[in-house]
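# Sequence first, predicted coordinates after that:
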Amino acid sequence: MSDLLHLQNRIDELERRNLELTFKLQSAEGLKDSVAAKEQLFSMSVIRSLVLALDSRDPYTAGHSSRVALYSLWIARELGMDAEEAKLFYEVALMHDIGKIGVPDRVLLKTDSLNGEEFQVMISHTTIGARILSKMEPEHRMLQATEVAKYHHEKMDGTGYPEGLRGEQIPYLARIVAVADAFDAMTTDRPYAKGRSYREGVEELIRCKGTHFDPHVVEAFEKVMKERHYLAGYENNPLADMPAEE
């Protein structure tokens, strides 16, 4: 079975499970507020379980989703997002890579360079994630989650994927997660390479601002990291061992 056919089968199975979850969530609409609140907690627990399962597939990226969500939260607060909205954004950012559930291990965990077909399978995690999250409620939160999942690999100069969006065509929240995601990828150890220091990671973000990353987002992140004293005295990532659940 080719990677693409295997991927399509995984997508179909995930959509079936999401449809079942949607029916469960819709059945709670007429219940009292307290019960509705418990159902919302249940849906987030399901999402967190999926994120934990995803991060657990690769011991070298364990905790990635939670770190990206945390960095995204810090950036959002620095850019003026209010505390309640930022808390909800944290949950959105936590799900940014959820589509990788549909990527086969032999592609996701490959340490060598990906070939053309494998690369297409890998980058499809953006559109898979958007399709998975399209079942969320309420609608405005679903739109935020799908945009972040789909567009967090777009670049300001239009060289990203999946649609080659440019500048402010890229949704604002996706631009925030793009910086957080790239930073964590750069500062995480891999089997084939040692992660960069926090200082080196931020320097690379600065080098690529305006081409790959939103300059305002990069500047906000740099300020946050300086204020938290993470740019001096650390050779490695001090949050590398942060658990997948916050």
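Arrived safely.

# Where does the prediction get shaky in the chain?
1-4, 6-45, 233-246 (pLDDT under 70).

# Strands along that one, start to end?
Taking DSSP state E, the chain contains no strands at all.

# And the residue nearest the centre of this structure?
In the chain, the centroid-proximal residue (C-alpha atoms, centre = their mean) is residue 96; its distance is 2.4 Å.

# Against residue 104, how distant is it?
20 Å (C-beta to C-beta, to the nearest Å). The way it works is simple: take the backbone N, C-alpha and C, and place the C-beta from them, glycine included.

# just residue 222 next, same as before
37 Å.

# Between those two, point out the one with more neighbours.
Neighbours per residue (other C-beta atoms under 10 Å) separate residue 222 from residue 104, with residue 222 holding more: 19 against 16.

# How about the contacts made by the closest residue in space to the more buried one that isn't next to it in sequence?
Leaving aside its chain neighbours, residue 222 sits nearest to residue 202 (5.5 Å; criterion: C-beta to C-beta, 6 or more residues apart in numbering). Going by C-beta atoms under 8 Å, 6 or more residues apart in numbering, residue 202 touches 183, 221-222, 225, 231.

# and which of the residues you listed is nearest residue 81?
Distance to residue 81, by C-beta to C-beta, is smallest for residue 221 among these, at 13.6 Å.

# Drop anything exposed from the contacts of residue 202.
183, 221-222, 225, 231 (16 or more other C-beta atoms under 10 Å).

# Is residue 177 in contact with residue 65, as I believe?
No. With contacts counted by C-beta atoms under 8 Å, residue 177 stays clear of residue 65, the gap being 10.7 Å.

# Start from the N-terminal end of this protein and give the helices.
With DSSP state H, the ranges of helices along the chain come out as 3-26, 33-56, 64-78, 83-94, 105-108, 116-123, 125-133, 139-151, 172-186, 198-207, 215-227.

# list the buried ones in the fifth one?
Translated: helix 105-108. 107-108.

# do the same with the fourth one
Residues of helix 83-94 classed as buried by neighbour count (16+ other C-beta under 10 Å): 86, 89-94.

# Likewise for stretch 53-72?
Buried, per 16+ other C-beta under 10 Å, within stretch 53-72: 54-55, 61-72.

# between these, which is nearest residue 128?
Looking across the buried residues of stretch 53-72 and measuring by C-beta to C-beta, the closest to residue 128 is residue 54, at 11.7 Å.

# residues contacting that closest one?
Neighbours of residue 54 in contact, by C-beta under 8 Å, 6+ apart: 65, 97-98, 100-101.
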